[in-house]
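*Asks:* Quick one, structure for this:
(2 chains)
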Amino acid sequence: MECQDYGLTRNTERRNLNLNPLQRGGVLPTEARIAMYEFADGYSVCDYCAGRLDEISNPSIHNFLDDLANFINVDEVRTVHGAREGKFAVMHALCNPGDAIIIDGNAHYTTHLAAERCGLKMVEVPNTGHPDYEITPEKCSETLENAMDKGEDIKLILLTHVDGNYGNLTDAINIGKIANNAGIPIILNCAYSMGRMPIDAKALNVDFVLGSGHKSMAASGPIGVLGMKEEWTDTVLEKSSRHGVKEIEMLGCTSRGAPIATLMASLPFVVERVNHWTDEVQKTRDFVLKMEEIEGVKQIGLRPKQHDLVRFETPAFDKIAENHPRRGFFLYEELKKRKIVGLKRGQTKWFKCSVYGFSDAQIEYILNSFKEIAVKEVKKE
Amino acid sequence: MENFRLYQAQSLIKEAGKSKKIKERLKPPKEGKINLDLFEGLLNDIISAEEFIYSSRPSNNLNEDEAKLFCDKIIGARNKIDSILTEFGVLDRKNVEKEIKRLTKGLLILTSKSNYKKTLTKFGAQAQQIIVTGVPLDVDDMKILNPKIPDDALKPIIKKIKHVKNDIKRKMDSKDLYEVLVIVETDKIGELLAERATELYDARAIKMDNLKDITPDELIGLISQI
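*Replies:* Here you go, the predicted structure:
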């Protein structure tokens, strides 16, 4: 059999400034790139495995998990294939098909899929709508009470810490309290926050936290983090009756090789970088202010920004697209000419972006590029 | 000191007089053994250098400081590639020993570990010109290295320091050495030794991360630069 050319060439990150918020937190530091080379082979971390991934001492996955647990302040932690697998594992361990759970209206689609896969009924906390799209503790409380009044036995609450559409940071502390007071376990999905900003699971009043290595922890992935309180370990980390050391919800072992090696190699870098979170937020706020100097560009979602993911409504660019020979593709193409990527091709009504991790000079360059494109195209009209 | 300046000037004139037009010729490879340490090291150098691509996007312009750091990595990789190619006969083996002997002529080399002395002598430095200190050059530095060290334990160290300093003086006088060069790793012991030797003997210093992994070409490059 002759295989096809799969087009496995990519120089996007080296040659461009990538604004895709999904990708900003997963860029590897040098240490992780070296680890990726060393641990690229499939079972490379398993040379000294005695049956449990989390107990391997060389490389020191065991010590790494201790450090990771300290970093996010949980009693127990496991790596999983991604945040979505973490959601599924907890839902599957705590709920039975037909049970009801509360989820927020800004939840990632994988929250829905995980719940569907477990056969769970989802009760959604609505957001406040345009322009803030906020998930408030009051609405959470109201939704929970209404559901309980209707006789629903709510088994779990899942809150998205920072959502992927608007970059809103939810009030996890107070929503956590609501869950605690109701005696319902709560998962905080920190895929967009763990590794970018400090996370203290206990201070946030949550039972479980989920992180994403490839999204926000400078790992190649696929890999996620599932942290939990001690009281849930017996349920979520229950062992197999046939294979005594294997944890059922983990299906034995989770991500091996390069995903976990890069996550491990990046941890010291990530631990250090979260200390600069307020600087990153300030950079984002400055970026928003300057972008909004372009007429017809407006940030939506909560203001001022508390996260680097920004969603702009951009009727100005959409108007240009109406008469532009390249129509909706003009913005993507003009940015690409300036070595800026990450916006979806054809998108001009709105877009999401992030300048997380870029230097001031790079952000200045991005801002000037947007302004230059707007001025140039408006002049043409 | 005047003699040293004269010697330095003569060396520079000799270097300038050499033809720079000799082209490097690559020969067909012969059988040989891949030096894995060098191969892994050069990959690490290249991966580390990649960081500068990300930080300088999209122009990829580097200022002078950044350029130095970037080029150090690339030169490190180049030296390792050259060593690998030399092993396979693709490049002629330079007479590195002769070159290192020439570059270290008149220098007293201070280093902190016997292993480093072994490496330096293997590359061509003269053993009589090297002193392994084993201790810092000031007893207060010992307290920095080990704040809990009891006073009693300091007595033999004071004696050893005195011995090392005598040895330095004796060699400087008897071997016609005019300058002290410290070659150490960038650890606390190395940093303190370099700092104190600079104070005491106006020494120059070469500090690097993995001294045991240094190649002869890298050593030549470093000594030539100071």
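*Asks:* what does the stretch 201-350 of chain A have sitting close to chain B?
*Replies:* Neighbours of chain B within the stretch 201-350 of chain A, by Cβ under 8 Å from any Cβ of the partner chain: A:338-340. Bear in mind the C-beta positions are built from the backbone N, C-alpha and C, glycine included.
*Asks:* Check the gap between the residue of the stretch 101-250 of chain A found nearest chain B and A:Arg10 for me.
*Replies:* Residue of the stretch 101-250 of chain A nearest chain B, by Cβ to the nearest Cβ: A:Ala218 (12.2 Å). Computed as Cβ to Cβ, to the nearest Å, the A:Ala218 to A:Arg10 distance reads 18 Å.
*Asks:* Give me the more crowded residue out of the two.
*Replies:* Set side by side, A:Ala218 and A:Arg10 give different neighbour counts by other Cβ atoms under 10 Å in any protein chain shown, the larger being at A:Ala218 (26 against 8).
*Asks:* Contacts only, for residue 154.
*Replies:* No chain was given, so I picked chain A. Taking Cβ atoms under 8 Å, 6 or more residues apart in numbering or on different chains as the contact definition, A:Ile154 lies against A:100-102, A:123, A:144, A:147-148, A:182, A:184.
*Asks:* wrong one, I was asking about chain B
*Replies:* With contact set as Cβ under 8 Å, 6+ apart, B:Leu154 has these partners: B:139, B:142-143.
*Asks:* among those residues, which are in helices?
*Replies:* Using DSSP state H to define helices, the subset of the contacts of B:Leu154 located there is B:139, B:142-143.
*Asks:* Output the residues you listed as CSV; include the columns neighbour count, pLDDT and distance to chain A.
*Replies:* As requested, the ones in helices among the contacts of B:Leu154 are arranged in CSV below (neighbours: other Cβ atoms under 10 Å in any protein chain shown; pLDDT from 0 to 100; distance: Cβ to the nearest Cβ, whole Å):
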residue, neighbour count, pLDDT, distance to chain A
B:Val139, 16, 89, 35
B:Met142, 21, 89, 30
B:Lys143, 14, 87, 29
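*Asks:* Could you dump these into TSV and include distance to B:Glu51?
*Replies:* What follows is those, written out as TSV (distance: Cβ to Cβ, whole Å):
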residue	distance to B:Glu51
B:Val139	41
B:Met142	37
B:Lys143	37
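*Asks:* Just the buried residues of stretch A:22-36, please?
*Replies:* Neighbour counts using 16 or more other Cβ atoms under 10 Å in any protein chain shown place A:22-26, A:28-36 of stretch A:22-36 among the buried residues.
*Asks:* so how far is the first residue of that stretch from its last?
*Replies:* The stretch stretch A:22-36 measures 20 Å between its terminal residues, going by Cα to Cα, to the nearest Å.
*Asks:* so where's the chain shaky on pLDDT?
*Replies:* As the question left the chain open, I've gone with chain A. For chain A, the stretches flagged by pLDDT under 70 are A:381.
*Asks:* nope, chain B
*Replies:* Residues of chain B that meet the criterion pLDDT under 70 lie in B:1-24, B:225-226.
*Asks:* Can you give the domain ranges for it?
*Replies:* Domain ranges of chain B: B:2-87, B:96-225, per automatic domain parsing.
*Asks:* do the first one and chain A meet?
*Replies:* Yes: judged by Cβ under 8 Å from any Cβ, domain B:2-87 and chain A are in contact via B:43-44, B:47-48, B:50-51, B:53-55, B:57-58.
*Asks:* could you dump those residues to JSON lines with neighbour count?
*Replies:* JSON lines is the format used below for those (neighbours: other Cβ atoms under 10 Å in any protein chain shown):
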{"residue": "B:Leu43", "neighbour count": "16"}
{"residue": "B:Asn44", "neighbour count": "19"}
{"residue": "B:Ile47", "neighbour count": "20"}
{"residue": "B:Ser48", "neighbour count": "20"}
{"residue": "B:Glu50", "neighbour count": "15"}
{"residue": "B:Glu51", "neighbour count": "16"}
{"residue": "B:Ile53", "neighbour count": "15"}
{"residue": "B:Tyr54", "neighbour count": "19"}
{"residue": "B:Ser55", "neighbour count": "14"}
{"residue": "B:Arg57", "neighbour count": "21"}
{"residue": "B:Pro58", "neighbour count": "15"}
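*Asks:* No more questions from me, cheers.
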